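In: Quick one, what's the 3D model for this:
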Amino acid sequence: MLMNKLIILRGNSGSGKTTIAKELQRKMGSNTLLISQDVIRREMLMVKDGPDTMALPMLKELLIYGRNHCETVILEGILVGEWYRSLFEQAKELYGNNIYAYYFDIPFEETIKRHKTRPQSKEFGEEAMREWWVDKDYSEVLNETAITADKDKESIIQEIYSKITEK
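Out: This next block holds a predicted model:
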């Protein structure tokens, strides 16, 4: 039986979730599934985000796949708490106490600064990011650890990696 672990990285656009997720996947190595909300929603399905997004059923299926076939699953995205509550509830059923949830609590100004260094900066800008912004969107379902702007990429990766490999 696999000792599956689920890492959830949530927060506003431009907060650093995808960068951290990709680095963690590299560090975790083989048999680590990275589920990116943007890839599913924007690239694979080309659907909008919202209360009943068509991405939700696929995200749920991928959590099941990961539980059955992978040692570690990383789920990352904006994943607005209210809209994705059923996904988080399912995650708790599937992974129990092996969920390591993090919320990127980064100020809006900092997300704009970070966004300007990304390839997507040509696709959308500050106006769209302000429209999507949800302040302090901590989940009522997940027990999330805050990641704040004072932490650099390396320390975030090391903190999460140490936490999930200590058991």
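
In: What ranges does the protein have for its helices?
Out: 17-28, 37-38, 55-69, 85-95, 108-115, 126-132, 153-165 (DSSP state H).

In: Next, the angle helix 55-69 makes with the fourth one.
Out: For the pair helix 85-95 and helix 55-69, the angle between their directions (axes from the mean of the first three to the mean of the last three CA atoms, to 10 degrees) equals 10 degrees.

In: how distant is helix 85-95 from the center of its chain?
Out: Computed by CA atoms, centre = their mean, to the nearest Å, the separation of helix 85-95 from the middle of its chain amounts to 14 Å.

In: Show me what it is packed up against.
Out: strand 5-11, helix 55-69 (3 or more CB pairs under 8 Å, 6 or more residues apart in numbering; DSSP states H and E). Every C-beta, even on glycine, is put in place using the N, C-alpha and C of the backbone.

In: cool, the fifth one as well?
Out: Judged by 3+ CB pairs under 8 Å, 6+ apart, helix 108-115 is in contact with helix 126-132.

In: For the helix it packs on, list every residue counted as buried.
Out: By neighbour count with 16 or more other CB atoms under 10 Å, helix 126-132 contains the buried residues residue 129.

In: what residue is smack in the middle of this protein?
Out: Centroid-nearest residue in the chain: residue 76, 1.9 Å away (criterion: CA atoms, centre = their mean).

In: I figured it hits residue 15, correct?
Out: No: Residue 76 is not in contact with residue 15 according to CB atoms under 8 Å; the separation is 10.3 Å.

In: sorry, back to before: using CSV, lay out the helices of the chain together with distance to residue 6 and mean pLDDT.
Out: What follows is those, written out as CSV (distance: least, CB to CB, whole Å; pLDDT from 0 to 100):
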stretch, distance to residue 6, mean pLDDT
helix 17-28, 12, 97
helix 37-38, 14, 96
helix 55-69, 7, 98
helix 85-95, 4, 98
helix 108-115, 25, 89
helix 126-132, 24, 88
helix 153-165, 9, 96
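
In: That concludes my questions; thank you for your assistance.
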